[in-house]
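> predicted coordinates and the sequence they were generated for:
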Amino acid sequence: MKKGMPWWNRLRTSRLLMHGGSAAQRFVDSWKRDAEADTERQADAVMRRLTGVYLYLLGVLVALVPLMAIGYLTFFQDPALRFEAHGLYEATSMLAIVLGAFVTYVTWRCYLTSGEVFLRWLTLAFLGFTLIYLPHALLSQFSDEMMHLFIAYGPASRLAMGACFLVALERLGAPADPPEARRRPTTWGMALGIILAIDLGLAALILGSVVPAESVIQGMEALALALLVMGIMVITLRRIRLPLMIIYLLSMAVFAQASIAFMISDLWSHLWWLAHAIFIAGFFLLSYGVVHAFHTTRSFSTVYSQAEVMQQLREQQTRTQDALGKLETTNTRLSQQAATDWLTGVANRRQFVRQAKRELARAKRYGTSLSLLCLDLDHFKKVNDAHGHEAGDQVLKQVASAMQESLRPHDLLARVGGEEFQVLLPEADIHQAGEVAERIRSTLHDLQIRLRDKVVKITVSLGCAQMGQDGDDMDSLMRIGDQRLYEAKALGRDRVVAGTDVLHSVQG
Ligand SMILES: Nc1nc2c(ncn2[C@@H]2O[C@H](COP(=O)(O)OP(=O)(O)OP(=O)(O)O)[C@@H](O)[C@H]2O)c(=O)[nH]1
């Protein structure tokens, strides 16, 4: 029943069919099945929606874990508590530089392969962070003497990274860079120059004391936070659902909370250390995405979720099944064509020989009889000469079809030459073969072959041979069958020669 059928029509149709016995029962059963499948589909859709909302909430919860940690430290502990450990800080800063360089390199390698513009900007983000953070790591041993400069490189690195993140987002989905443009030294040289200029410019700004260092530092951190929030909004509003972009979104949220923690913390305080920990968590998360891209498609926008991959796999399987079905149909048609005579549609010589060998072996194994008829149309040349070759073709077709009708389903008729046919008769001795041959002869004798504007008459001569008495293989049977066929021709045509005697003969 059609899914969109109104219920009153369903009822009327079902009432009508109720009196129809088993057909009505089948109808009701299929209706029930349809209804059950509908209900199951609806329940599945509700569950999908529910689990989708759950996943969404889970993502929000994970993204806000840093805020919970900041809140815990601020409200339940003393966030101003100091932990001044220069050695530890130097070591972790240098580790951050090494990690930054490594992730920059992996991202760059991904970009070189895919040419994805998004990845070019992501490489620049990591490169910017690493090279702008480097003076911060180098200055950590002089943090007391050059406190402001030491601190300033932190927010500056986050600001550069946030800016590149935002541009990367804006360029997501842009056509890939051509391979020759990906390594262009001018592009990367210019990027390095700008980063170096930022490093030097910042040093000049802070050391020159033109603007209060505190406000430069807070301003950069606030700007970094604003850029990160903008990035989060872009992903959310554009409803970007690509798996790696979800990781991108989460890490941006974590970076933004790290900036908040930096803004409200004092140097060496517990909150300041927590801000670093939050930032590193965001960095690890994003580096996971980059490494995942490196291990798969080396692109951020073509790494699919498992659900998407499964969907693509299902579609691919359906396409493969369809193609296989078509291939099977074509193969069947081709093997049918290879076994069939192109003109009459009966078996051809190849098929006949193959089938005959099988039947011969079967007859020998079970001790049953098997006979062969050899047929040749009489004076067929005259038909061609009188009516043309095309008319001759029509005659051959009608003769083949008339012969086919006088045979049992398991007898095999084949056209083995121009106007020559053979018939394989399983479980028939020479006597029965003679009867079949005579039936064919008289059918064709009486057949009115209708061509466009005239009626043509044709006769046939037949020779019969039986397995055993006339030979044990197909070659012998065919030879004897042919001999008897020519005997029938010699005796005046339109007759049957079966065995040593002319069993059936009609004067035509
Ligand atoms: N129209 C048509 N004619 C064919 C085809 N194959 C063979 N022929 C013709 O069949 C005729 C066979 O002629 P012959 O071998 O001399 O035999 P016949 O005229 O049938 O005479 P007998 O066999 O002696 O009775 C030839 O004219 C062939 O051109 C075919 O596929 N189509």
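The structure has been received and is ready for your questions.

> what bridges to the residue lying closest to residue 430 once chain neighbours are set aside?
Sequence neighbours aside, residue 466 is the residue nearest to residue 430 in space, at 4.0 Å (criterion: C-beta to C-beta, 6 or more residues apart in numbering). All C-beta spots, glycine's among them, are computed from the backbone N, C-alpha and C. Beta-bridge partners of residue 466, counted by DSSP bridges, are residue 371.

> what about residue 466, how many residues nearby?
Number of residues near residue 466 (other C-beta atoms under 10 Å) recorded here: 24.

> need the contact list for it.
369-372, 429-430, 433, 477, 499 (C-beta atoms under 8 Å, 6 or more residues apart in numbering).

> any regions of the stretch 351-500 of the chain where pLDDT drops low?
Residues of the stretch 351-500 of the chain meeting the criterion pLDDT under 70: 500.

> write out the residues of it neighbouring the ligand.
Applying C-beta under 6 Å from any ligand atom, one finds that the stretch 351-500 of the chain approaches the ligand through 376-381, 384, 389, 392-393, 396, 418-419, 489, 493.

> residue ranges of each domain in this structure, please.
7-46, 64-303, 341-505 (automatic domain parsing).

> ends of the second one, how far apart?
Domain 64-303 stretches 25 Å from its first residue to its last (C-alpha to C-alpha, to the nearest Å).

> list only buried entries from the contacts of residue 466.
369-372, 429-430, 433, 477, 499 (16 or more other C-beta atoms under 10 Å).

> and whatever helix or strand residue 202 lives in, what does it pack onto?
Assessed by DSSP states H and E, residue 202 sits inside helix 185-207. Helices and strands touching helix 185-207, as assessed by 3 or more C-beta pairs under 8 Å, 6 or more residues apart in numbering; DSSP states H and E, comprise helix 117-139, helix 147-170, helix 213-237.

> closest point of the stretch 401-508 of the chain to the ligand, which residue?
The ligand sits closest to residue 418 of the stretch 401-508 of the chain, with a gap of 2.3 Å, by C-beta to the nearest ligand atom.

> for that residue, what are its contacts?
Counting by C-beta under 8 Å, 6+ apart, residue 418 makes contact with residue 380.

> can you list contacts of stretch 378-390?
Here stretch 378-390 makes contact (C-beta under 8 Å, 6+ apart) with 377, 391-392, 395, 418-419, 451, 454, 456, 458-461, 489, 493-494.

> apart from its neighbours in sequence, what residue is nearest residue 423?
residue 373 (4.0 Å).

> in three-state terms, label that neighbour for me.
Under DSSP: H, G, I helix; E, B strand; the rest coil, residue 373 falls in the strand class.

> re the thing from before, name the residues of the helix holding residue 202 that are buried.
188, 191, 195, 198-199, 202-203, 205-206.

> can you check stretch 74-93 too?
74, 79, 89-90, 92-93.

> so which of the residues you listed belong to strands?
Within the buried residues of stretch 74-93, no residue falls in strands by DSSP state E.

> which SSE is the spatially most central residue of the chain in?
Most central in the chain under C-alpha atoms, centre = their mean is residue 316, positioned 2.2 Å from the mean C-alpha point. Taking DSSP H and E as the criterion, residue 316 maps to helix 306-339.

> does the residue lying closest to residue 289 once chain neighbours are set aside lie in a helix or a strand, and which?
Once flanking residues are discounted, residue 289 sits nearest to residue 247: 3.9 Å by C-beta to C-beta, 6+ apart. Assessed by DSSP H and E, residue 247 sits inside helix 243-264.
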